[in-house]
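1. can't give you the sequence, but here's the structure:
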């Protein structure tokens, strides 16, 4: 069953930290915040009637079949140029610099680290979603329903939490996806996606 822990296990934190020359703990903390934010942005695109998500769904299917996750992710195989284009597509035309600037100061860390992480993380996240959606597509029918089900499963499992009081995922996801007032990341995502706060 797809879930955040399973997705996190696909992300080579130590390799990414080494490539970026950043402390592993800082990179891991940023990843723990950015991945749910990325998933929230993707879910918003897929669920919104005002957004044509067909190109995003196509990118997810392509990444899912790319083999990026097969045998563990090799960070050198991640296409960060494509990652930057995907970030812009997911966050309403905002580029990586704008998204990183909006997210800096949140628990994701500083803007420079976020700006470097986003184009690395998004292809991994999309490849994971694509593999999960393809695995369930025989039962799901339409790709939007299958992808929506996968996102719901991942994000639904995260909001239940795994016991840690220090884990902000439940409140982040609640603010990002549940439309609650307040919450810096929810407000940021709303601004980036052009939605209501």
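-> Right, received. Where do you want to start? Just so it is clear, the structure is predicted and the values come from calculations on it, not from any experiment.
2. got the phi and psi for residue 93?
-> Residue 93 adopts backbone torsions of phi 90, psi -10, taken as degrees, to the nearest 10.
3. counting neighbours, what do you get for it?
-> Residue 93: 10 surrounding residues under other Cβ atoms under 10 Å. Every C-beta, even on glycine, is put in place using the N, C-alpha and C of the backbone.
4. where's it relative to residue 135, distance?
-> Noted for residue 93: a distance of 31 Å to residue 135, by Cβ to Cβ, to the nearest Å.
5. please apply the same query to residue 123.
-> 18 Å.
6. more neighbours, the two?
-> residue 123 (23 against 14).
7. now do the helices in the chain.
-> 4-10, 13-20, 24-47, 54-64, 80-90, 96-103, 111-140, 143-160, 169-178, 184-193 (DSSP state H).
8. which of the ones you listed sits closest to residue 72?
-> Among those, the nearest to residue 72 by Cβ to Cβ is helix 4-10 (8.0 Å).
9. low-scoring stretches of the protein, by residue?
-> For the chain, applying pLDDT under 70 flags the ranges 1, 105-109, 136-145, 157-197.
10. most centrally placed residue in the chain?
-> Computing the C-alpha centroid of the chain and ranking residues by Cα atoms, centre = their mean puts residue 38 first, at 2.6 Å.
11. can you name the residues that contact the nearest residue to it once chain neighbours are set aside?
-> Spatial nearest neighbour of residue 38, chain neighbours left out: residue 125 (5.2 Å); criterion: Cβ to Cβ, 6 or more residues apart in numbering. Shown in contact with residue 125 (Cβ atoms under 8 Å, 6 or more residues apart in numbering): 7, 35, 38-39, 42.
12. tabulate the residues you listed (a markdown table), appending distance to residue 77.
-> Below are the contacts of residue 125 laid out as a markdown table (distance: Cβ to Cβ, whole Å):
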| residue | distance to residue 77 |
| --- | --- |
| 7 | 18 |
| 35 | 19 |
| 38 | 19 |
| 39 | 22 |
| 42 | 21 |
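13. quickly name whichever of the residues you listed is closest to residue 100.
-> residue 38 (12.5 Å).
14. gap between that closest one and residue 119?
-> 11 Å.
15. residue 24 too?
-> For residue 24, the distance to residue 119 - Cβ to Cβ - is 19 Å.
16. the two: which is more packed in?
-> Between residue 24 and residue 119, counting by other Cβ under 10 Å, residue 119 is the more crowded of the two (19 against 13).
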